[in-house]
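In: with the input below, show me the fold.
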Amino acid sequence: MSTFVLPFAPLGATVSFTAATPTPPAGVQAPIGDAAGTSAGQYRVVNDSVVTVYLGVGATSAAAIANASAVATSIPVLAGTCEVLRFGPNVFFTGKSASGTAVVYVTPGQGI
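Out: Coordinates of the predicted model:
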């Protein structure tokens, strides 16, 4: 069986938010850039800070905030790292920082 690894290709505009503690900010949506806005794909998440961010993802801003508010429902993104994660289309992102604030960038696309 052959496995192909494709480099990440952006398919929409990069969005950002500033993670804070103790309360995450309103979620931002990172829609995939197809005509219908319905293609699922990967999202490149960059934590451009010196603190861990507890990433919350959800179908609504409120769901993303709720998911970021608890370690059990969040995705820890370590300081200064870049992750490519797969979610459904048009989800919302937000985060709670371990301390202070942290800028996080999210780019929708395909590949790793």
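
In: pretty sure Pro24 sits against Thr94.
Out: Yes. With contacts counted by Cβ atoms under 8 Å, Pro24 reaches Thr94, the gap being 4.4 Å. For the C-beta atoms, the positions are set from N, CA and C on the backbone; glycine is no exception.

In: so those two - more neighbours on which side?
Out: With neighbours defined as other Cβ atoms under 10 Å, Pro24 and Thr94 compare such that Thr94 has more, 31 against 27.

In: who touches both of Pro24 and Thr94?
Out: Gly56, Ala64, Ile65, Ala68 (Cβ atoms under 8 Å, 6 or more residues apart in numbering).

In: what's the weakest-modelled helix or strand in this protein?
Out: In the chain, no helix or strand scores lower on mean pLDDT, DSSP states H and E than strand 9-10, which sits at a mean of 88.

In: who's in contact with the helix or strand immediately after that strand in the chain?
Out: Next helix or strand after strand 9-10 toward the C-terminus (DSSP states H and E): strand 15-20. Strand 15-20 is touched from outside by 25-30, 49, 53-54, 68, 93-97, 100-107, with contacts defined as Cβ under 8 Å, 6+ apart.

In: residue contacts, Tyr54?
Out: By Cβ under 8 Å, 6+ apart, the contact list for Tyr54 reads Ala19, Ala68, Val71, Ser74, Ile75, Pro76, Val77, Gly95, Lys96, Ser97, Ala98.

In: just among these, which is most surrounded?
Out: Counting by other Cβ under 10 Å, top hit in those: Gly95 with 33 neighbours.

In: excluding chain neighbours, give the residue nearest to that one in space.
Out: Leaving aside its chain neighbours, Gly95 sits nearest to Ala19 (3.6 Å; criterion: Cβ to Cβ, 6 or more residues apart in numbering).
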